[in-house]
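[1] Please find the sequence and the predicted model below.
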Amino acid sequence: MNLIVATNTLSYSRIVVIPTRGYGSSVRRNKIRRQIKEIWRTEKERLLPGYDFAFVVYPGSDVDHALQRQHVLNLCHQAGVIATP
């Protein structure tokens, strides 16, 4: 998975999840979209507002929700968009 972050002029952040062409059936693509959007919904308070997030998901082994959450948060941390407490 890759994360592309761009600033926007809004007071809130937006998200898009893009499974690549070879990711699998529509069921698998929609499942990964739902998983990442659920992680976003529960963790968006920790992220800085005013950014557009594009998660590009590549084919690979399926991981459970906890590992997926950790991977998304690690990508956001590397991008420097997690607010410090």
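    That came through, no problem. Everything numeric in this text was worked out from a predicted model, so none of it was measured. Residues are numbered from 1 along each chain as shown.
[2] Find me the pLDDT at the residue nearest the centre of the chain, would you?
    In the chain, the residue lying closest to the centroid (CA atoms, centre = their mean) is residue 55, at 4.7 Å. With respect to pLDDT, residue 55 scores 96.
[3] correct me, but it touches residue 36?
    Yes - when contacts are counted by CB atoms under 8 Å, residue 55 is listed as touching residue 36 (5.5 Å). To be clear about C-beta, it is placed using only N, CA and C from the backbone, and glycine gets the same treatment.
[4] Name the residues contacting each of those two.
    Counting by CB atoms under 8 Å, 6 or more residues apart in numbering, the shared contacts of residue 55 and residue 36 are 15, 17, 72.
[5] Can you redo these as JSON lines, where the extra columns are pLDDT and distance to residue 6?
    Converted to JSON lines, the shared contacts of residue 55 and residue 36 look like this (pLDDT from 0 to 100; distance: CB to CB, whole Å):
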{"residue": "15", "pLDDT": "96", "distance to residue 6": "12"}
{"residue": "17", "pLDDT": "95", "distance to residue 6": "15"}
{"residue": "72", "pLDDT": "93", "distance to residue 6": "17"}
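[6] Cross these against strands and list the overlap.
    15, 17 (DSSP state E).
[7] follow-up on the earlier one: bridged to the residue nearest to the centre of the chain, which residues?
    residue 3, residue 17 (DSSP bridges).
[8] Contacts only, for it.
    Counted by CB under 8 Å, 6+ apart, residue 55 has contacts 1, 2, 3, 15, 16, 17, 18, 36, 72, 75.
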